[in-house]
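Asks: heads up, no residue letters with this:
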């Protein structure tokens, strides 16, 4: 394996970031561990570090609502493996995270050894989930349809959708992505078409259905 892994830990609890950092430090060839305490900082780190090897993402950070944060980050850097780390470790949340592009899921109650083993599995190209949990199948037909529609978005379309959810105007999104406003309008039209909605507002409401945490923020 290549030496000098670079990780991003995204969690709003400094103590838990410290615990994750300690777990990751036990992995050979770790060169850099970057930390973010909110979603804005997370996006900035992922955007600025194209050579990052793995992102560990909390679902309940300021600025991100549940799985919508994962969708946005996958749009920014679709090639980097993202592992969701959450106290919401029910089968439904784990399954939806994996279906929406996460390479793994780690429960916040996992041991240091389990965290390290999960990270090593993902670095080796595998998918990891807590053992002993039957992930089952999606029982909500509306959510199942929404996940399929979200899976059909290109990385750039996913990124634009995430920015729509943040309330940015086309002009602001164009500036952020260094493209023309006409390009963004085309992306927005494609996103609305793929999601089967008529307006930006409807798209954001639809995204919030996958984004809402089933429990209070961790």
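Replies: Cool, got the structure. For clarity, every value in this text was computed on a predicted model and none was experimentally measured. Numbers count the residues shown, from 1 in each chain.
Asks: how about the strands in this protein?
Replies: According to DSSP state E, the chain carries its strands in the segments 5-10, 30-36, 54-58, 82-86, 104-107.
Asks: can you list the domains in this structure?
Replies: 5-123, 141-211 (automatic domain parsing).
Asks: pull the longest helix from the protein.
Replies: Longest helix in the chain, counting residues (DSSP state H): helix 181-195.
Asks: the spatially most central residue of the chain: what's it in contact with?
Replies: Geometric centre of the chain, nearest residue: residue 70, 1.8 Å, by CA atoms, centre = their mean. For residue 70, the contacting residues are 57, 59, 82, 84, 97, 100, 101, 102, by CB atoms under 8 Å, 6 or more residues apart in numbering. Just so you know, the C-beta spots here come from the backbone N, C-alpha and C atoms, and that holds for glycine as well.
Asks: tell me the spacing between it and residue 61.
Replies: Residue 70 sits at a distance of 11 Å from residue 61 (criterion: CB to CB, to the nearest Å).
Asks: same check, this time on residue 160
Replies: Note on residue 160: its distance to residue 61, by CB to CB, is 21 Å.
Asks: these two: who's more crowded?
Replies: Neighbour totals were compared for residue 160 and residue 61, and residue 160 leads with 29 against 23 (other CB atoms under 10 Å).
Asks: where's that one relative to residue 103, distance?
Replies: 23 Å.
Asks: can you check residue 89 too?
Replies: According to CB to CB, residue 89 and residue 103 sit 16 Å apart.
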